[in-house]
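Novice: Need the 3D shape of this:
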Amino acid sequence: MQSDSLSMKKRPFFLRWASREIRQGQLWLVTLALSLIIACVFALSALVSRVEGIIVSQGRSALAADMVLQSSQAVDLKHLSTNNVITSLQTRFGTMAFSDNGMQLVSVKAVDAKFPLRGDLRLQAADKSVQHHVKPGELWLSERLFSLLDVKVGDTLMLGDGELTISGRILEDPELSFNPFSQMPAVLINNQDIAAIGGIQEGSRLSYRYYFSGSDSALADISKQFSLTPSQRWLTENDAGRSGDFIERARQYLSLTLVLVVLMASATLVLTCQHYASTRITSVAMMKSLGASRRFLWRWLLQQIAVVFSVAIGVGLLLGFWLEWLLRYPLQQLLPDQLPSIGFAPLVISLLLALFISLPALGIPLSRLVNASAMNTVQATQTPTSKFSATWLLLIFPVFAAIWWIGSNVFVWLTLLGMVALLVLLALVGIAAIALLKKIKFGSAYALALSRVNRSKAKTATQLAALTCSLMLLAVIGLLRNELLADWKNTLPADAPNVFAINISPEQQQDYLTFLDDNQLARSDGYPVTRGRLVAVNDQRFYSAEDENQSDAPAEITSDNSPERDPALRRELNFTWAKTLPSHNEVITGKWGSSSGVSVESGIAKRLNIALGDKLAFTIGGLEFNATVNSIRDVEWRNMKPNFYFIFTPDVLQSFPATWLVSFRVNDQQSDLLNTLASNYPTVSVLDLRMMATRIQGLLTQVSWSLTVLAGLGVLSGLLLIMTLLRLSISERQTEIQLYRTLGASRKRIAATLWCEYGIIALLAGIIAAVGAEFVVGLLVVKGFELPFTLHPLMWIGLPVLAISLVCLVSRSQIKKLLLSGI
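Specialist: Purely as a prediction, here's the structure:
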């Protein structure tokens, strides 16, 4: 009973002591760093979870489902286990639409009453009411068809072999489609009306889409149960045409930014923990001299740490919730009204990561602190440490945490390993640079600064490495964000074409282009287009002779270059010819010629091992011809401009019949021009992609803002780490400055020496960080994001200037305090 009573008395004492340490001692720095880790990880995890949920939702809305099976043949889903999964079917085919005033080839999308499973289908009826599903007997037309066929809502339209009454117009279709060559004005009907219009007949070219909506695990099970044929493929949000590419890049950047911010916050914690342990050596030594046991010291320290954790969890979570809201605030106009829930994952991740990072960050310096000698009360001595201490095993926890958290993200591992290797290399460069600086004579303060730098090589190397790493991480986050946004801006600029005109006859081509120019519509060049197939490379044939004449069935494979490995070989491609290559295509190897040549897109060239000088065989309408590869081009398929896998010299294709294609931009005030074009050139198909382009621009803006906010938080975390590093480093000089003052050194001389020392370290760190950041960003941009790399000359000046500026900002007040305390 007496021991229990004594224990109860001690506990409040320890709590009061711990509270006083947080308020007045150095534990508040540890609490702040720990709170920062919890807040940053929670806020970023929550925001990343929300943003990724929104991005995935946008991508799936563009598919009208969570997952889509695209097939050229009907599929029996009865053998699949589709429990807890909603399914929908769409059948696509082309047919003629006839009205009393015109006719038009249209793309029929026959859907069931459940379509769409994701996204919003908006159909406007005659009374202006809006419907979201297609019922049996209904016919909905895209806006363009009302002018092309000169019809209105309520009219009867002959579609194929049957007649349907026009129910209204399609205001918005969630599905995004980006191939203007395969687009025709669309109509929507119900699947039950296919037979009535004779949509499925012998020889009909049909396309089926099976839509699935359910949990990720259920969808994964379905995809595993299904064996794809060459004419089938799965579509997910990552394959949603134009949006899939930058969605994946945004995910990579979000995950990388989160890891780098946690890395910088962890470094801040390690520095503050080491500083706290160093400031408590005298206190521990005094308690040991008064008879305190190691068990008592551990209990004293652990109870303080428990209080620190409790405070840090409370402060960190409150700060995390506020920070997550703050990060979302600039995006309120861009985010949907109903945000995805964050669940418990951010809470669990933030607390576990904080714990795993804190175990070695606190455990190793506290273990050394407990082992401090009692002699430190009268004379500072070095704490004896064995070559290997059991506390170093605590490093296993953050390593396992990193493996669990980062997982199989090769992109992040590549970044981290590259940075570690680069820092080791650049550290050697820094040491060599300091040795070279000794040969420069620049006054006594400069000489004293270099003398101190060389005298404390380990501490200087630590400061240089930490400052360099902080600056490099800061630069990597900022530069990657700029690279991604620049790529997206170039992908779909504000003045990108939003209308395609196809099937322009050669007789109409010049008049059509003149009409566009007279009305000052920005347009692309006109391109002749004919359809054909690639059948052989250097006499290695992809198809048997029979299958080369069948354009709608996958062919028998007769070489290693399988059509299953490349979608471009499964279908007819659009060929064009030109005297010069398009300005928006970059030739990466070879040179454009004038005869018997073909320029090949770099992607298909890489996939099919096509090289300069190879002889390619093609067929158009059963006629085979050859061309020699004279150049290979980079093509940006997402820029809404006419692009082609193969561009031929005029002599190769001019004898084949062709129609012409042109893209141009129409603003909202010029919509009447489209009606004029449709009236003047009724046989030309005009594809209005304005709604689709607007949706893509909105998604780009949404993701761009998110990346900007995350990059800003990453930069702030880096700046906080740098400022913490500098403050702790300068505060450690108090004893040394007192000694200098005792020996008669003036404040001016001491201040000049400190300024020179930290100026040298800051300048070296800025230069080394610029080199490292350029290398890391180049590696990530080229290997990770598959983008072209450009140098960043402004960073070479900006990082050293930033480092010196931060030193001036942080050091000024700290040095002044130290000089006053050293009197």
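Novice: excluding its backbone neighbours, what's nearest W660?
Specialist: Of all residues not flanking W660 in the chain, I504 sits nearest, at 4.0 Å (C-beta to C-beta, 6 or more residues apart in numbering). (Each C-beta comes from the backbone N, C-alpha and C, glycine too.)
Novice: I figured the one you found hits F515, correct?
Specialist: No - I504 lies out of contact with F515 (C-beta atoms under 8 Å); the separation is 11.0 Å.
Novice: which of those two has more neighbours?
Specialist: Ranked by neighbour count (other C-beta atoms under 10 Å), I504 and F515 place I504 first, with 25 against 16.
Novice: quick one: the host helix or strand of A354 to chain centroid distance?
Specialist: Per DSSP states H and E: A354 is located in helix 345-370. Distance, stretch centre to chain centre, for helix 345-370: 29 Å (C-alpha atoms, centre = their mean, to the nearest Å).
Novice: And the next helix or strand past that helix?
Specialist: Downstream of helix 345-370 (by DSSP H and E), the next one is helix 396-406.
Novice: Quick check: what element follows that next one along the chain?
Specialist: On the C-terminal side of helix 396-406, the closest following helix or strand by DSSP H and E is helix 410-437.
Novice: relative to helix 396-406, how tilted is that next one?
Specialist: Per axes from the mean of the first three to the mean of the last three C-alpha atoms, to 10 degrees, the angle that helix 410-437 makes with helix 396-406 is 130 degrees.
Novice: just checking, what packs against helix 410-437?
Specialist: helix 242-279, helix 444-455, helix 457-491, helix 747-779 (3 or more C-beta pairs under 8 Å, 6 or more residues apart in numbering; DSSP states H and E).
Novice: one step back: what are the buried residues along the helix holding A354?
Specialist: Of the residues in helix 345-370, 346-347, 349-351, 353-370 count as buried by neighbour count, 16 or more other C-beta atoms under 10 Å.
Novice: Stretch 273-292 now?
Specialist: With the criterion 16+ other C-beta under 10 Å, stretch 273-292 contains buried residues 273-277, 279-281, 283-285, 287-288, 292.
Novice: Nearest to A568, out of those residues: which one, please.
Specialist: Closest to A568 out of the buried residues of stretch 273-292 is C273 (57.1 Å), distances taken as C-beta to C-beta.
Novice: For S310, see how far away the closest one is.
Specialist: 17 Å (C-beta to C-beta, to the nearest Å).
Novice: Q508 too?
Specialist: 78 Å.
Novice: Just want to know which of those two has more residues nearby.
Specialist: Q508 (18 against 12).
Novice: State the phi and psi torsions of the more buried one.
Specialist: phi -90, psi -20 (degrees, to the nearest 10).
Novice: quick revisit: can you pull the contacts of the residue nearest to W660?
Specialist: 512, 526, 659-662, 681, 684 (C-beta atoms under 8 Å, 6 or more residues apart in numbering).
Novice: between the residues you listed, which has the most around it?
Specialist: L661 (24 neighbours).
Novice: what are the bridge partners for it, then?
Specialist: For L661, the beta-bridge partners under DSSP bridges are Y527.
Novice: I'd guessed it sits against S505; true?
Specialist: No - contact criterion C-beta under 8 Å: L661 and S505 do not qualify, at 11.8 Å.
Novice: can I assume V108 sits in a strand?
Specialist: Yes - V108: assigned to a strand according to DSSP: H, G, I helix; E, B strand; the rest coil.
Novice: since we're on N101, how many residues are nearby?
Specialist: Using other C-beta under 10 Å: N101 sits among 10 other residues.
Novice: Would you mind measuring from it to L188?
Specialist: 22 Å.
Novice: and S631, what element?
Specialist: With DSSP H and E as the test, S631 turns up in strand 623-634.
Novice: Report the distance from that strand to the chain centre.
Specialist: 35 Å.
Novice: same question, stretch 344-351
Specialist: With C-alpha atoms, centre = their mean, you get 22 Å for stretch 344-351.
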